[in-house]
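*Asks:* give me the fold of what follows.
(chains A, B, C and D)
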There are 4 protein chains.
Amino acid sequence: MLTNRQSIRIEWGDCDPAGIVYFPRYFEFFDACTRALFERAGLFKRDMLKTYEIAGIPVVDMKASFMIPSRFGDDVAVDSSVTKWGTSSFVVRYRLMKGNVIAIECFETRVWAAHRNGKPEKLEPRSIPAEIKAKFGAGASNKNEN
Amino acid sequence: MLTNRQSIRIEWGDCDPAGIVYFPRYFEFFDACTRALFERAGLFKRDMLKTYEIAGIPVVDMKASFMIPSRFGDDVAVDSSVTKWGTSSFVVRYRLMKGNVIAIECFETRVWAAHRNGKPEKLEPRSIPAEIKAKFGAGASNKNEN
Amino acid sequence: MLTNRQSIRIEWGDCDPAGIVYFPRYFEFFDACTRALFERAGLFKRDMLKTYEIAGIPVVDMKASFMIPSRFGDDVAVDSSVTKWGTSSFVVRYRLMKGNVIAIECFETRVWAAHRNGKPEKLEPRSIPAEIKAKFGAGASNKNEN
Amino acid sequence: MLTNRQSIRIEWGDCDPAGIVYFPRYFEFFDACTRALFERAGLFKRDMLKTYEIAGIPVVDMKASFMIPSRFGDDVAVDSSVTKWGTSSFVVRYRLMKGNVIAIECFETRVWAAHRNGKPEKLEPRSIPAEIKAKFGAGASNKNEN
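*Replies:* Predicted structure coming up:
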């Protein structure tokens, strides 16, 4: 299973008056981590959208547990990997690490989505090409397929 | 059960290159909705933090389902309510409505948290005062208490 | 001169560890204020972009002075108006008011911009239609025209 | 003059429906660049605030020119340096480079600020210690001093 580790410095502007990361920021971090994970798989997002004629890979479902807060000046790392491939969706798991401890765990279900009839306001799922999955090491016999 | 409805205009800056709301923004909206919900209960956040000597009400657990995207120029409404009170935590449910349709449903578990020994880097849970719960209509016989 | 006043509640998530608004947020506020100003002039941004075939009204030049900080829980108001119309650009002035005091003054030069040859990565200025200027009360004899 | 170059990948979430960076984001980038510049001078922000008992280095004045837009997937670099030291303020210049071309130039005046009487809502300027300036190579004969 392809995993990518991304180092992140927590910035002043990421934090709230309590001095810790304002939690919506974590999802911005994670989104950038998905981008980096795909890049590690050889898929540069801008080209991927063009080549496969999709509008994006929006999140349709998510859950997250925040165990340990981080504050500005902290150096953390996020391990990202696709834990499940479906026909038109996939699950990405993120683990934000502070040293060897999991500070946050998050799962996002994302959809391979295109504009319906080219309309910007309508998104619809499309089948994820086998070659995309293959780049992440997901084979034809993938038991998780659904 | 006290519910607050907040109207939100989706702004240009809330949206991504696909023309729809960049999803971490929703959690910023929801956070503002919790603030507004507390205000409806007579609790102005800035004063509340001071009076009860807490650092905030950080999210420790969450899940969300995104059914329908929104794009810039859309007018949406978010219904927020506390669906469960615990000893030191509570659950807030958000429903982002587009007309009569639920576009997003989200549940956040938040903790009544103070700085441990005044240290900004350590947060610890505190018991939620009964008077806080009472303002939301949560009585002494609340079956959800745990 | 058409002026629009927008009320803004400073949210927890707008603020930094010093407890005051993280300043890039002000420019998000101001951008929403320009949207609201245009709407007051009868121009709904989403329709305007479509009707006039432009990609947006990006900022090319700006200056700002921050006199008084704001912190979470504050209620402020922003007065916005177009102070100058050029051939393909215009200047918007923002004054963020705390009561009767100007807390921030900002000037942005924005361009009426379209995608060059439909390419998303290239933006080029276009002439602002006279009817747009007219909606803001800018007449044919506008001395500021350049 | 100490200069720091910071590489930045433009992320999907940094961009707006026109496909280019939503401009308030640039100021978040620049703020992180100031942090990195100070770190290069041996000043880790979190420790610096504690050691010198200041609340932050807020921006009081700024101007920026946006010559070339950037879009998601772009790799840019920001060169930052302090171009002027005053008694309690200093000017930081940022140049966002796309290859060898200046895409954005920005100047921020920042203040060495502490909470007045420990009140979170009041910030007041303090004299910048000579040892801080010295770390950036600003000597006693600095002609820019005012």
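*Asks:* just the element for A:Ile54, please.
*Replies:* Assigned by DSSP states H and E, A:Ile54 falls within no helix or strand.
*Asks:* wait, it touches A:Ile128, no?
*Replies:* No: the criterion here is CB atoms under 8 Å, and A:Ile54 misses it with A:Ile128 at 9.5 Å. Any C-beta I mention is one placed from the backbone N, CA and C, and that applies to glycine too.
*Asks:* any shared contact partners between these two?
*Replies:* A:Trp112 (CB atoms under 8 Å, 6 or more residues apart in numbering or on different chains).
*Asks:* contact partners of the biggest helix by length in chain A?
*Replies:* Longest helix in chain A, counting residues (DSSP state H): helix A:24-40. Outside helix A:24-40, the residues that touch it by CB under 8 Å, 6+ apart are A:2-4, A:6, A:8, A:14, A:44-45, A:48, A:57, A:62, A:64, A:66, A:78, A:80-82, A:92, A:94, A:96, A:104, A:106, A:108, A:110, B:22-28, B:31, C:13, D:9, D:11-13.
*Asks:* show the pLDDT at A:Ala140.
*Replies:* pLDDT for A:Ala140: 45.
*Asks:* re the thing from before, could you flag which of the contacts of helix A:24-40 are buried?
*Replies:* A:4, A:6, A:8, A:14, A:45, A:48, A:57, A:62, A:64, A:66, A:78, A:80-82, A:92, A:94, A:96, A:104, A:106, A:108, A:110, B:22-28, B:31, C:13, D:11-13 (16 or more other CB atoms under 10 Å in any protein chain shown).
*Asks:* bridge partners for A:Trp85, pull those for me.
*Replies:* When assigned by DSSP bridges, A:Trp85 has beta-bridge partners A:Phe90.
*Asks:* that one: neighbour count?
*Replies:* When neighbours are counted by other CB atoms under 10 Å in any protein chain shown, A:Trp85 registers 19.
*Asks:* pretty sure it contacts A:Ile128?
*Replies:* Yes: A:Trp85 is within contact range of A:Ile128, at 6.9 Å (criterion: CB under 8 Å).
*Asks:* tell me which parts of chain A are close to chain B?
*Replies:* By the rule CB under 8 Å from any CB of the partner chain, the part of chain A lying against chain B is A:16-20, A:22-25, A:27-28, A:31, A:55-56, A:58-67, A:69, A:71, A:120-121, A:123.
*Asks:* what average pLDDT does the longest helix of chain A get?
*Replies:* 98.
*Asks:* what's the first helix or strand after that helix?
*Replies:* helix A:45-51.
*Asks:* now that following helix: buried residues?
*Replies:* For helix A:45-51, a neighbour-count test (16+ other CB under 10 Å) marks A:45-46, A:48-49 as buried.
*Asks:* just give me the closest of these to chain C.
*Replies:* Relative to chain C, the closest of those is A:Arg46; by CB to the nearest CB it sits at 9.7 Å.
*Asks:* pull the contacting residues for that closest one.
*Replies:* Contacts for A:Arg46 (CB under 8 Å, 6+ apart) come out as D:71-73.
*Asks:* mind checking how far the most centrally placed residue in chain A is from A:Glu28?
*Replies:* Most central in chain A under CA atoms, centre = their mean is A:Thr34, positioned 3.3 Å from the mean C-alpha point. Between A:Thr34 and A:Glu28 the computed distance is 11 Å (CB to CB, to the nearest Å).
*Asks:* for A:Tyr94, what are its contacts?
*Replies:* A:30, A:33, A:78-80, A:104-108.
*Asks:* which residues sit in contact with the residue nearest to A:Ile54 when sequence neighbours are not counted?
*Replies:* Spatial nearest neighbour of A:Ile54, excluding adjacent residues (CB to CB, 6 or more residues apart in numbering or on different chains): A:Ala114 at 4.9 Å. Residues in contact with A:Ala114 (CB under 8 Å, 6+ apart) are A:53-55, A:123-124, A:126.
*Asks:* which pLDDT value belongs to the residue nearest to A:Leu123 when sequence neighbours are not counted?
*Replies:* In space, and not counting its chain neighbours, A:Leu123 is closest to A:Ala113: 4.5 Å by CB to CB, 6+ apart. We note a pLDDT of 95 for A:Ala113 in this prediction.
*Asks:* can you name the residues that contact A:Ala113?
*Replies:* Contacts of A:Ala113 by CB under 8 Å, 6+ apart are A:54-58, A:123-126.
*Asks:* quick check: bridge partners of it?
*Replies:* Beta-bridge partners, per DSSP bridges, of A:Ala113: A:Gly56, A:Pro125.
*Asks:* where does chain A dip in pLDDT?
*Replies:* Counting by pLDDT under 70, chain A contains low-confidence ranges at A:120-121, A:139-146.
*Asks:* and it, which residues reach chain D?
*Replies:* For chain A, the residues found near chain D under the criterion CB under 8 Å from any CB are A:9, A:11-13, A:28, A:31-32, A:35, A:44-46, A:56, A:71-73.
*Asks:* out of these, flag the one nearest to chain C.
*Replies:* Among those, A:Gly13 lies closest to chain C (CB to the nearest CB), at 5.1 Å.
*Asks:* surely that closest one meets C:Asp16?
*Replies:* Yes: A:Gly13 is within contact range of C:Asp16, at 6.4 Å (criterion: CB under 8 Å).
*Asks:* next, show the common contact partners of those two.
*Replies:* In contact with both A:Gly13 and C:Asp16: C:Tyr22, using CB under 8 Å, 6+ apart.
*Asks:* what residues does chain A have near chain C?
*Replies:* Residues of chain A lying near chain C (CB under 8 Å from any CB): A:12-13, A:15-17, A:19, A:22, A:24, A:71-72.
*Asks:* narrow these to those in helices?
*Replies:* Checking the residues of chain A next to chain C against DSSP H, those in helices are A:Pro24.
*Asks:* test my guess that A:Ala55 contacts A:Lys122.
*Replies:* No: at 9.6 Å, A:Ala55 does not count as touching A:Lys122 under the criterion of CB under 8 Å.
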